[in-house]
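# starting from these lines, generate the structure:
(2 chains)
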Amino acid sequence: MRSGTIDRREFLAFLASAAAVAGTRDAVAATPDAYSHHEIRPAANLGSLEKVYTFFSPAEAEFIEAAVARLIPNDELGPGALEADVPYYIDRLLTTEYGSGARFYNLGPFGATTAFQGYQSPLTPPEVYRIGIAATNNYCQQKYEKRFAQLDAAAQDGVLNGLQAVSLEDVPGATFFGQLLGDAKDGFFSDPAYGGNRDMIGWRLVGYPGVPANYSTRIGKNEPYNATPVGIRALQQARVPLDEHGHPIHRQAAAGEIPRTTAPPAPPKPADVAHDARPQATFFM
Amino acid sequence: MAMKLKPVDVVTIGVGWAGSILGKELAQAGLTVVGLERGGDRAQADFALPQMHDQLKYEKQLELFEPTSKFTLTFRNNSREEARPMRRHGPFPWGEGVGGAGFHWAGWTWRHTPWDFKIRTATIERYGATAIPEECTIQDWPITYAELEPSYDKFEYTCGISGSAGNVRGAIKAGGNPFEGPRQREFPNPPLTRSYGETLYAKACQDLGYHTFPTPSAQMSRPYTNPDGVTMGACLYCGFCMNYACEVSAKATPQTAVLPAAFKTGKYEVRTFANVTRINVRDGRAVSVTYVDRQGREIEQPAEIVLLTAFTWSNAQLLLLSGIGKPYDPVTGTGVVGKNYAWHAGVPYVLMHFDTDVHMNPFMGAGALCTSIADLASDNFDHTDLGFIGGAIIQAMAMGWGPLGFQPTPAGTPAWGSAWKKAVAYYYGRSVQLVGLHDHLSYRGNYLSLDPAYRDSWGNPLLRLTYDFHPNEKKLSEFLVKAGEKIARAMGASSFGSYGLGDHFDAGVPYGIIHQVGGAMTGSNPSNSVVNKYLQSWDVSNLFVVGASAFPQIPVFNPTGTVGALAYWTADAIKNRYLKKPGPLV
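From the prediction side, this is the model:
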């Protein structure tokens, strides 16, 4: 848990309510604690970076926890970004070479730009977070006399939606929101070695088996794969059987372990065919 | 004062496909060759399991690509604007280290068709001079397909390409691409096993009357030993392919297919972290190159032959920095260095979704595991009254996607919240992508030059890109989007989103395709090109500039197959002609 618990009681109450919601669910998705997976060990045995903030201040951590819980919520499909430890993933990311922006070109001059020249601010991702969180909380104080984390879910969604159109001191709201959303999704779906995707919550949601096996006898078949996902840590710690190449031999998941949604979500309106110039997925060739 | 080293016979600037193939060929011919590579080594041992199967590191944080902090382009849409640097890998990243783009690549290994080499002449012959768009500067290659065919064959057999021939010495073969140029023999390896999405695609295309065939792939469909005795393993369809190293050497790269044979000669050496900053020319001859090593020391390496085999941009940047060739001036249309830049911008694609109990298993795949049609490519269909020239290879892809990079949601789905989560959970295993790499013509206003304001981490001016989209490509893209939608409907997709070229090139958009060409194009004379048909500099006869920089425009094909062929073509020209009589070959 984070320290300096200004809202510790509220936070614990939230966790209790989240657990209660999870407890009412049936086999659609097991609760994290119910996963009978070989990779789960008692927290005391996990790495020293487990669940500790080294970048975010308590107030910042409070914001991030509240925000990612709205971006990828805990809902009837199962746990979301908060339960997957995404806030800790982002905290660690911002102290890495990549996450701190050290690999990005950051020399001047910084001048007027057109709408087509990409990111042109000298601010690094950690600075974008610091400025964005403070400005968003200031806005919430002015409008609601509460911090973002104290708002109800609908008001939080309203603030997050509104971020995309506002300017937060030196940071466009869309830049801050885009960074936060992208990092939240990355933390939800990246290998648990990076601190998020706890218990492989993200991978189980979509049926992704994690570190790959040899698929040469499975490719092309229209049949479920349904394996218990494995992460890098389990392989490094020799807790997974390997084939002759060093790939994991995936274990068939137990019934209900990997939920597969069978009813399509309601189609978006108004049209299900859109002409949009912007790609949604990347494939660098 | 630079430290001066002992002369060698040959120096290559960059060790990607072009540098490694030329290095191998010339070392095998007995020359001493030094490859200078500004990135680090990328040995197989650096990519051990399980850490290598890390999507965050390789797909999101782009571990195999050069950080923009070291080098980037500045960009503007037209020459009236002030260019700004691409501070992040916006539209495209670029490879770094030994192997270059040949290391991170997906392995789509095409040949240009005979038409691509004479695009201008053939277009005017069939549709008249008015079919060439305004401001368009496309030009014929000085090389024909037939001349280059043996070099394509060498590259494909070096790499163990998996595929199915469509035209062997003029005989059209079922199951292959009937529109390809004649090849002298079958592919060295049979095609990979199709994914389920491709099976649906192939059936729909056949119902529509199109000719389907497997995309030629640099993933081995079976264990393979190439003509140099280098052995590669069979693909396991693990899906960690493009942007990754292959732990069973089933993807052909300079490391897995070429360099072992080069090192075996005892005549070949690679120096890493050696960034060449100048080609030193005296009395019309390249006498040496100057590079900066990892310690920041300046070192001069004299050589008899200098091969500029870096990435497209670095080839242009080094020519401009070294004052070799006349820089292109878009106002007067004179000069050649930097001219005819093009790339596979904003390729149209269709992302389709199935509301049925299908299992696409998108995490299985291989970088070039795709099924293609060429019926709408190049000039394979009648363009009369269409208002554009060119076309696309349309393919269904199974490259292997984890959920970190592939979160397929129907168009209009919110970007976050429960609705997004539900859509990703449902559609991750029920979506298929079609993509259509298409012709991009070259234009007077699209070019490369040195930036006056920004510098790279070695203190040299950044390369400046001036570039925007043109009506021909926009019309072509719209045409292809409609064709893709027709196929998606025939496949029985419940819904699909289709995406084409926007109004303007936007450096903030991750378009996803790299494929950069031009800037040092080949041509028939010094006034229309930087290099002659052997990719030899018109100005400095012991300098050859080899790579996609030589393309006068980009066809529907991924460039690597032709880059590899050009490397063999130039190697043969040096061995069989230049060494016998050094000097201009044309």
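
# what does the stretch 1-150 of chain A have sitting close to chain B?
Residues of the stretch 1-150 of chain A lying close to chain B (C-beta under 8 Å from any C-beta of the partner chain) are A:70-73, A:75, A:77, A:80, A:98, A:102-107, A:109, A:111-120. Quick note: C-beta positions are derived from backbone N, CA and C, even for glycine.

# contacts only, for residue B:217.
Going by C-beta atoms under 8 Å, 6 or more residues apart in numbering or on different chains, residue B:217 touches B:107-109, B:161-163, B:191-192, B:366-370.

# now, the residues of the stretch 1-150 of chain A next to chain B that are in helices?
The helices, defined by DSSP state H, take in A:70, A:71 from the residues of the stretch 1-150 of chain A next to chain B.

# how about the strands in the stretch 51-200 of chain B?
B:73-76, B:84-85, B:167-168, B:171-172 (DSSP state E, counting those that start in this stretch).

# pick the most buried one from the ones you listed.
strand B:84-85 (a mean of 27; mean count of other C-beta atoms under 10 Å in any protein chain shown).

# what's the mean pLDDT across that strand?
Strand B:84-85 carries an average pLDDT of 98.

# relative to chain A, which of the strands of the stretch 51-200 of chain B is closest?
The closest of those to chain A is strand B:84-85. By C-beta to the nearest C-beta, the value is 4.3 Å.

# is any residue of the closest one near chain A?
Yes - using C-beta under 8 Å from any C-beta, we find that strand B:84-85 touches chain A at B:84, B:85.

# strand partners (parallel or antiparallel) of that strand?
Strand B:84-85 pairs in its sheet with strand B:73-76 (antiparallel), by DSSP bridges.

# the partner strand: how far from the chain's middle?
20 Å (C-alpha atoms, centre = their mean, to the nearest Å).

# which residues are in contact with that strand?
A:114, A:117-118, B:82-86, B:313, B:451, B:453-454, B:462-467, B:507.

# if you set the cut-off to 6 Å instead, what comes out?
The contact list for strand B:73-76, computed with C-beta atoms under 6 Å, 6 or more residues apart in numbering or on different chains, reads B:83, B:85, B:86, B:451, B:454, B:462, B:463, B:464, B:465, B:466, B:507.

# was I right about residue B:474 contacting residue B:502?
No - Residue B:474 is beyond contact range of residue B:502, at 8.8 Å (criterion: C-beta atoms under 6 Å).

# show me which residues of the stretch 151-300 of chain B sit near chain A.
Proximity of the stretch 151-300 of chain B to chain A, by C-beta under 6 Å from any C-beta of the partner chain, involves residues B:193, B:194, B:195, B:196, B:236, B:237, B:238, B:239, B:248.

# so the second one sits against residue A:220, correct?
Which is residue B:194. Yes - using C-beta under 6 Å, residue B:194 is in contact with residue A:220, at 5.2 Å.

# neighbours of residue A:102, how many?
12 (other C-beta atoms under 10 Å in any protein chain shown).

# what distance do you get for it to residue B:26?
Computed as C-beta to C-beta, to the nearest Å, the residue A:102 to residue B:26 distance reads 39 Å.

# lowest-pLDDT helix or strand in chain B?
strand B:495-499 (a mean of 92; mean pLDDT, DSSP states H and E).

# what strands line up against the helix or strand following that strand, and which way round?
Using DSSP states H and E, the helix or strand that follows strand B:495-499 in sequence is strand B:516-517. Strand B:516-517 pairs in its sheet with strand B:342-343 (antiparallel), by DSSP bridges.

# okay, the angle between the helix or strand following the partner strand and strand B:495-499?
Note on strand B:342-343: by DSSP H and E, the next helix or strand toward the C-terminus is strand B:349-353. On the basis of axes from the mean of the first three to the mean of the last three C-alpha atoms, to 10 degrees, strand B:349-353 is oriented at 170 degrees to strand B:495-499.

# in a markdown table: the contacts of residue B:217, plus distance to residue A:190 and pLDDT.
As requested, the contacts of residue B:217 are exported to a markdown table (distance: C-beta to C-beta, whole Å; pLDDT from 0 to 100):
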| residue | distance to residue A:190 | pLDDT |
| --- | --- | --- |
| B:107 | 25 | 97 |
| B:108 | 27 | 97 |
| B:109 | 31 | 98 |
| B:161 | 33 | 98 |
| B:162 | 31 | 98 |
| B:163 | 34 | 98 |
| B:191 | 33 | 98 |
| B:192 | 28 | 98 |
| B:366 | 22 | 98 |
| B:367 | 21 | 97 |
| B:368 | 25 | 97 |
| B:369 | 24 | 98 |
| B:370 | 26 | 98 |
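
# just the buried residues from those, in ChimeraX please.
Per 16 or more other C-beta atoms under 10 Å in any protein chain shown, the buried members of those correspond to this ChimeraX selection:
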select /B:107,108,109,161,162,163,191,192,366,367,368,369,370
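
# need the residues of the stretch 351-500 of chain B near chain A, please.
So far as C-beta under 6 Å from any C-beta goes, the stretch 351-500 of chain B lies against chain A at B:355, B:358-359, B:361, B:363-364, B:402-404, B:406, B:410-413, B:416, B:418, B:421-423, B:425-426, B:428-429, B:495, B:497, B:499.
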